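Asks: fold the following for me, if possible:
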Amino acid sequence: NFKEGWVNLGQAYKDLGIADKCEQVLQQAISLDPSYVHAYQVRGLARFGCGDHRGALDDLNAAVQLEPNQLEVRYMRAVVKHGLGLLKDAVKDYQVVSTAKPEHVAWYQREIALFCQRHLDKPLNAFNLDVGLDEDFKEAWCKRNHPALLGRYKPLPGVKADVADVAPSTAPANDVQAALLNFARRFGPKMQNDCAGYLPNKRQHAACGYAVLELAQRLKALWFANDTTVAVKARSRGGGKKPHCDGPFGWRDAYDILIRWRQFSELNDPVWWVDLLSRQQFEEGFGSHTPMCTGQCHVVRYYPMFPRAFSIMKELIKEQTPVPDSKKDEAQGARDCAHMYEIMGRDFFVVTPCYSTAVPGKKMEGTRLTLQSSPPEGYEFSIRTPGMPARWADFDQEFSFVWQQLCDAIADRSTRPASNRRVHDLILTMAFYWYNMMPLSRGTAAVGYMGILAMFLAIGLEVTAPIPKDFQVDWEGILTPRVEDFIATVSKWLYPSLKPLSIETLPLVSHAVPTLRALITMLNIY
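Replies: The predicted structure is shown next:
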């Protein structure tokens, strides 16, 4: 009868990514006390993490009804409504939270919701979320800064009364939607990591399925019909270039398609190109930060990478740290973070190498393996990947080279692309540099794997194998210096699984999903 114990157990199952057990034990807590707000809150969060927005909304509505002043519950209810396209109610909830607590991230979410409402019925190829939103706003949202620090940003006016919310939908309305839905259900789960900490998120699966098909269709037109056109206003810029820049369809345009689906599938996540944040932050090296352990906490998703990363740190200490050789030798025997910090005597990082394909022998900066003191709990061991202009230029050059190699290899009709090992290797090469570049504030891993699935599909091949248990493709790329070694590891399980699959008869996603309203509808019916 210990309801708190059942909820804590449910939280543990949620954190471990065990969705069915989580649901069972939280139902037990609610059965013991149907008015226990925390049980509804945790189950709502778990359902949200599984992409069950409607189920989450039921729980969060119940929690708000029981305790109307619970700001975090009301905030999450707004996030769920936002995702479902119930934007007017979402804005109301965000406003309640940000009025009561002005520093709350709800203020940023309200602005995103208002932006979405103004673009619900505009063609998706007529705007780009990354370009349409203020760069300082995006940066401040990533950092969760107090909105008062955004001096020059002008908040959007309130909701437009004449713009209807997205209509509730639970099933396809026509044969076109049904065909796309069936494809998404087949392809979406392929992105799922079979590792502790990853809930099976059906909304992310839906976004993956639709995004993979849309990009595959676009690449098929590019590679086999020489269609190089770009929807210019839907394009992000690169490397300091102006938005809406001219030029044929390139590597960045390909990833823009995937990123759009990732952005709108979960509007609670700030998914931005790092070089589209403020120029100052870009030059200062704003980037991703992923801890493997922090204080006493072993991060469930990423701690399994610690032994390998810690071993790499020891090797790189030999050549990169300005300490006496005796210290370097002693570091080789470090048992854990505390022991390593005791030896080195300070916060420090080492940089993993990433070797170039475009310029053989050139060593680019991969990620930074970082050890920091984190009193009073202990130490943080993490990867930090800065997006500085010089580093960005290196990777931009790499992508441009590999992209052209891939396009040329597919254009060579002496060998069918589907059976051309060089084409296959170049697809994985694109993914390798994507993971090492870490170009997004969030979502790099998911977008990278969607890219692999889409590029193979464009040449008529389906990746039929799931990602192996306890294997994370992005980490394999990050912790591997040379692309040939990454290819050797991933190809062992991926290449034998490649099977022919034609997408000729499927509807064009770009035609069937022309607006943000249609995109949200397709996510809702999954």
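Asks: got the contact list for the spatially most central residue of the chain?
Replies: With distances taken as CA atoms, centre = their mean, Gly443 lies nearest the centre of the chain, 1.3 Å away. Gly443 makes contacts with Ile259, Arg262, Gln263, Asp269, Val271, as judged by CB atoms under 8 Å, 6 or more residues apart in numbering. For the C-beta atoms, the positions are set from N, CA and C on the backbone; glycine is no exception.
Asks: wait, what's in contact with the nearest residue to the third one once chain neighbours are set aside?
Replies: What it means is Gln263. Counting by CB to CB, 6 or more residues apart in numbering, Gln263 lies nearest to Val271, which is 4.7 Å off, once chain neighbours are set aside. Neighbour list for Val271: Ile259, Arg262, Gln263, Leu440, Ser441, Arg442, Gly443 [criterion: CB under 8 Å, 6+ apart].
Asks: nearest to Arg185 among those?
Replies: Arg262 (18.2 Å; CB to CB).
Asks: contact partners for the closest one?
Replies: Arg262 neighbours (CB under 8 Å, 6+ apart): Ala207, Ala211, Asp269, Val271, Gly443, Ala446, Val447, Met450.
Asks: so which strand or helix has it?
Replies: helix 251-265 (DSSP states H and E).
Asks: strands along the chain, start to end?
Replies: For the chain, the strands defined by DSSP state E occupy 287-294, 297-298, 348-355, 363-374, 378-386, 461-463, 498-500.
Asks: how about those strands in TSV, adding distance to Lys101?
Replies: Listed next are the strands of the chain as TSV, based on distance: least, CB to CB, whole Å:
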stretch	distance to Lys101
strand 287-294	25
strand 297-298	26
strand 348-355	35
strand 363-374	26
strand 378-386	27
strand 461-463	45
strand 498-500	51
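Asks: quick check: which of these is nearest to Leu86?
Replies: strand 287-294 (30.9 Å).
Asks: check which helices and strands that closest one sits against.
Replies: Strand 287-294 makes packing contacts with helix 306-320, strand 378-386 when contacts are defined by 3 or more CB pairs under 8 Å, 6 or more residues apart in numbering; DSSP states H and E.
Asks: let's see it at 6 Å
Replies: If contacts are counted by 3 or more CB pairs under 6 Å, 6 or more residues apart in numbering; DSSP states H and E, strand 287-294 sits against strand 378-386.
Asks: strands paired with the strand it packs on, and their directions?
Replies: With DSSP bridges as the test, strand 378-386 is paired with strand 287-294 (antiparallel), strand 363-374 (antiparallel).
Asks: how about those, which one is nearest Gly387?
Replies: Here strand 287-294 is closest among the strands paired with strand 378-386 (CB to CB), at 4.6 Å.
Asks: where does the prediction get shaky in the stretch 151-300 of the chain?
Replies: 237-246 (pLDDT under 70).
Asks: repeat that for the chain.
Replies: In the chain (pLDDT under 70), the answer is 237-246.
Asks: buried residues, stretch 139-159. List them.
Replies: By neighbour count on 16 or more other CB atoms under 10 Å, the buried set for stretch 139-159 is Glu139, Ala140, Trp141, Cys142, Asn145, Pro147, Leu150, Val159.
Asks: now the fifth one. Its backbone dihedrals?
Replies: Here is the backbone geometry of Asn145 (degrees, to the nearest 10): phi -70, psi 160.
Asks: ok, now how distant is it from Cys116?
Replies: Taking CB to CB, to the nearest Å as the measure, Asn145 falls 21 Å from Cys116.
Asks: how about the fourth one?
Replies: Applying CB to CB, one obtains 18 Å for the distance of Cys142 from Cys116.
Asks: before we move on, what about the first one?
Replies: When CB to CB is applied, the distance between Glu139 and Cys116 equals 20 Å.
Asks: okay if I get the buried residues of stretch 139-159 as CSV plus distance to Tyr435?
Replies: Converted to CSV, these look like this (distance: CB to CB, whole Å):
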residue, distance to Tyr435
Glu139, 23
Ala140, 27
Trp141, 24
Cys142, 20
Asn145, 28
Pro147, 33
Leu150, 32
Val159, 39
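Asks: out of these, who's nearest Arg335?
Replies: Using CB to CB, those come closest to Arg335 at Cys142, 35.1 Å.
Asks: list the contacts of that closest one.
Replies: Cys142 is in contact with Pro270, Ser441, counting by CB atoms under 6 Å, 6 or more residues apart in numbering.
Asks: try Asp130
Replies: Asp130 neighbours (CB under 6 Å, 6+ apart): Ser236, Trp272, Trp273, Leu276.
Asks: quick check: the two most widely separated of those?
Replies: Ser236 and Trp272 (9.3 Å).
Asks: between the two, which one's more packed in?
Replies: Applying other CB atoms under 10 Å to Ser236 and Trp272 shows that Trp272 carries more neighbours, namely 25 against 22.
Asks: ok, now which ones touch the residue nearest to that one when sequence neighbours are not counted?
Replies: Computed as CB to CB, 6+ apart, the closest residue to Trp272 that is not its neighbour in sequence is Ser441, at 4.6 Å. By CB under 6 Å, 6+ apart, Ser441 lies in contact with Cys142, Pro270, Trp272.
Asks: Ser441 and Ala78, how far apart?
Replies: The value you get for Ser441 to Ala78, if CB to CB is used, is 21 Å.
Asks: the closest residue to Asp165 other than its chain neighbours: how many residues sit nearby?
Replies: Once flanking residues are discounted, Asp165 sits nearest to Leu86: 5.0 Å by CB to CB, 6+ apart. Leu86 sits with 21 neighbouring residues when counted by other CB under 10 Å.
Asks: I figured Leu86 hits Ala164, correct?
Replies: No - counting by CB atoms under 6 Å, Ala164 is not a contact partner of Leu86; they are 10.5 Å apart.
Asks: and stretch 113-123, how far out from the chain middle?
Replies: 22 Å (CA atoms, centre = their mean, to the nearest Å).
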